[in-house]
Structure formats: C-alpha cells, structure tokens
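K.L.:
coordinates only, no sequence provided:
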C-alpha cells in the first residue's frame with residue numbers, strides 16, 4: 001500500500017507540499033556527513049618552528065571549516081616516523097600527512113634539496129623569494145607521488161654546534177658531525193669533517209653515546225633539543241636556510257568537497273604567512289635563549305672555516321644542478337645573483 005504522501009492528489013499545491021515533506025523526511029533520516037580528522041606529524045618539538053607551524057595550521061583549519069576538518073598533531077617524533085619516512089607513511093595510510101624537513105626528501109626528487117644547498121641564500125628576503133620561485137617545482141614533485149603540498153616553513157640559518165670552539169678550517173677534521181641531508185654530509189666530508197646524514201632521533205642517540213661531537217643545524221633546531229647540554233658552542237656559518245614542507249595525501253584532500261578544499265588551502269596560506277612573520281625575529285629569540293643556557297655564539301664565523309666550506313661545496317652544487325634539471329638550476333643561478 002502506498003504511503004499517504006504518495007497517494008494521488010487532485011490539488012497541485014497539496015502535491016507539491018507532499019513532495020517537499022517527503023524530501024525533508026528523507027534528508028532528516030540520512031546520516032550526517034562525517035567529520036574529517038587528519039593525523040599529521042613532525043619529528044620536531046612543538047616549540048620548534050616546525051611544530052609551531054603544525055599547531056597554527058591545525059588551529060586555522062578547524063576555524064575555517066567550523067570544525068569539519070581537524071588535525072591531530074604528533075610532535076617530537078612521537079609516532080617514530082622521521083621526515084624521510086613521512087611520504088611513504090602517508091601513502092600507506094599510517095598518517096594523513098606531516099611537516100617534513102625538505103632535505104630529507106631529496107630521494108623523492110632532487111629539487112626538494114634546493115633549500116639546503118650551501119651558501120645559496122644569506123637573508124630572509126632572498127630565501128623567501130627563492131622558495132617562491134621553487135614552489136611550483138616542489139608542488140609538482142609532491143603531486144607526482146600522490147601528495148598535496150600545503151605550506152612551507154623557512155628555518156633560521158644553519159650553523160655548527162660543537163663541544164669546543166672552532167678557531168678555523170683546521171678544526172674541521174676534529175669533528176664527528178651529524179649532517180641533515182646527503183648534500184650537507186658530502187660537503188662536510190669534502191671539507192675534512194667526519195660527517196654522516198642522520199635523522200634527528202638517531203643523531204640525538206649518537207650524541208648521548210658520545211659518538212658525535214658536532215651538529216649541523218640551526219639555533220632553532222638545537223634550542224628545541226637543548227643541544228647546549230652536550231654542545232655548548234655555536235658557530236654561525238650561515239650554511240643554508242632550509243625549508244620544511246607540510247603536505248597531506250592527495251586522496252585525503254580529494255575526498256573533501258571543493259568548498260572545504262578551498263578553506264583548507266586558505267588555512268595553509270595563512271599558516272605560511274604566519275611562519276614567515278615568525279622567522280623575522282626567530283634568530284634573535286633563539287640566540288637569547290642559547291646565551292641564557294651558556295652557549296658561546298661565534299658570529300661572524302672564522303673566515304678560514306667558511307672559506308673551506310664554500311670551496312668544498314662546489315662539487316655538491318654542480319652535482320645537484322645536473323640531477324635537478326634546468327628549471328631548478330635557473331632558480332639557483334637567480335639566487336646567486338641576489
């Protein structure tokens with residue numbers, strides 16, 4: 001027997017009202033659209049510039065989507081997934097995405113190591129402009145592997161943390177050094193140091209076991225880990241201003257409606273701008289905190305030390321340009337001229 005709402009009706013107005021009532025009944029019975037929660041991670045502490053970015057993004061996404069999209073953030077390598085492992089972890093569904101140190105992603109595409117090239121940029125403005133030019137290449141590299149780039153974070157300039165003061169180039173062979181990617185490891189070895197590329201968790205273990213006596217990282221990276229407990233000297237060689245790249249699995253992004261996608265990307269753009277603003281005073285804050293904890297900061301660095309590193313960097317840059325292609329090499333040439 002047909003429901004009363006579907007029985008023939010002589011009055012068109014009554015029929016329209018009946019249809020509308022039936023539609024409302026069907027919609028009210030349908031399950032509410034499920035909220036989306038993305039699990040995202042960084043191998044750095046929440047107080048680190050990478051961790052601050054992830055926290056900011058989570059807040060902006062929740063606000064812009066009225067809580068429809070939320071981010072559950074994991075810091076300090078809580079999930080035991082370092083930067084180099086994050087893309088695979090995202091594609092396997094263990095996480096939705098993360099904030100990864102770009103130098104550790106060069107195995108995906110050499111262009112992702114652009115920001116860690118030695119002595120390429122020496123100011124915040126040039127770093128920002130260089131990465132703006134490189135961003136389409138970054139996005140292409142991620143998209144080719146099923147990943148959606150969200151935002152970039154530029155780190156403060158990289159220096160050398162060590163257990164003793166560095167007087168010049170002659171001190172390089174005395175260093176058992178943690179480098180942060182394959183390129184920096186090659187450069188440091190060419191300059192005479194005993195260097196190896198290690199993710200942060202393994203590097204910290206090596207430091208505590210007295211296998212390392214130096215770190216290549218920024219004041220931000222070192223302060224967040226309290227490296228001063230082992231390495232009370234920081235030499236401001238201004239090696240590079242690397243980036244971290246926040247991303248999410250493309251499938252997870254595609255599952256959102258177009259309006260929600262726009263809000264997520266707007267939140268990402270706001271986060272990137274916030275991170276750029278943070279960078280402007282981050283070095284000063286880091287140095288103050290480091291000095292408060294007994295770190296001796298050598299700025300400027302000894303000239304012979306910088307000269308030795310610059311000379312050692314020549315082959316590494318040439319090799320990278322060959323691997324990364326003409327478009328990436330053109331960006332490097334532009335940065336050199338600034």
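P.N.:
Ah, there it is. For clarity, every value in this text was computed on a predicted model and none was experimentally measured. Residues are numbered from 1 along each chain as shown.
K.L.:
every contact and neighbour count from this point should use C-alpha atoms.
P.N.:
Will do.
K.L.:
please verify my assumption that residue 305 contacts residue 169.
P.N.:
Yes - under the criterion of Cα atoms under 8 Å, residue 305 makes contact with residue 169 at 4.1 Å.
K.L.:
show me where pLDDT drops low in this protein?
P.N.:
1-34 (pLDDT under 70).
K.L.:
ok, which stretches of it are strands?
P.N.:
36-41, 69-74, 97-101, 147-154, 158-162, 176-179, 194-197, 214-218, 233-235, 243-249, 296-298 (DSSP state E).
K.L.:
residue 312 is nearest to which of the ones you listed?
P.N.:
Distance to residue 312, taken as Cα to Cα, is lowest for strand 194-197 among the strands of the chain, at 13.1 Å.
K.L.:
for that closest one, which positions count as buried?
P.N.:
194-197 (16 or more other Cα atoms under 10 Å).
K.L.:
just to revisit the earlier point, out of the strands of the chain, which is the most enclosed?
P.N.:
Of all the strands of the chain, strand 97-101 carries the top mean neighbour count, a mean of 30, counting by mean count of other Cα atoms under 10 Å.
K.L.:
picking up where we left off before, can you tell me which of the strands of the chain comes nearest to residue 326?
P.N.:
Nearest of those (Cα to Cα): strand 243-249, 21.0 Å.
K.L.:
residues contacting the closest one, please?
P.N.:
Here strand 243-249 makes contact (Cα atoms under 8 Å, 6 or more residues apart in numbering) with 50, 54, 90-91, 96-103, 115-116, 146-155.
K.L.:
equivalent analysis for stretch 283-298, please.
P.N.:
156-157, 219-220, 223, 228, 232-236.
K.L.:
what of stretch 262-271?
P.N.:
Stretch 262-271 is contacted from outside by 53, 56-57, 60-61, 64-65, 150-151, using Cα under 8 Å, 6+ apart.
K.L.:
among those residues, which ones are in helices?
P.N.:
Using DSSP state H to define helices, the subset of the contacts of stretch 262-271 located there is 53, 56-57, 60-61, 64.
K.L.:
closest to residue 80 out of those?
P.N.:
residue 53 (19.4 Å).
K.L.:
that closest one contacts residue 273, doesn't it?
P.N.:
No - the pair residue 53 / residue 273 is not scored as a contact, 10.1 Å apart, by Cα under 8 Å.
K.L.:
between those two, which one's more packed in?
P.N.:
residue 53 (26 against 15; other Cα atoms under 10 Å).
K.L.:
for stretch 54-72, buried residues please.
P.N.:
54-65, 68-71.
K.L.:
again with stretch 280-292
P.N.:
Neighbour-count burial for stretch 280-292 [16+ other Cα under 10 Å]: 282-283, 286-287, 290.
K.L.:
same check on stretch 263-273?
P.N.:
For stretch 263-273, using 16+ other Cα under 10 Å, the buried residues are 263-272.
K.L.:
now render those residues as JSON lines, adding distance to residue 189.
P.N.:
Output for the buried residues of stretch 263-273, formatted as JSON lines (distance: Cα to Cα, whole Å):
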{"residue": "263", "distance to residue 189": "46"}
{"residue": "264", "distance to residue 189": "42"}
{"residue": "265", "distance to residue 189": "41"}
{"residue": "266", "distance to residue 189": "42"}
{"residue": "267", "distance to residue 189": "41"}
{"residue": "268", "distance to residue 189": "37"}
{"residue": "269", "distance to residue 189": "38"}
{"residue": "270", "distance to residue 189": "39"}
{"residue": "271", "distance to residue 189": "36"}
{"residue": "272", "distance to residue 189": "34"}
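K.L.:
now, among the residues you listed, which is nearest to residue 242?
P.N.:
So of the buried residues of stretch 263-273, ranked by how close each gets to residue 242 (Cα to Cα), first place is residue 272, at 14.5 Å.
K.L.:
how much space is there between residue 221 and residue 58?
P.N.:
The spacing between residue 221 and residue 58, counted by Cα to Cα, to the nearest Å, is 21 Å.
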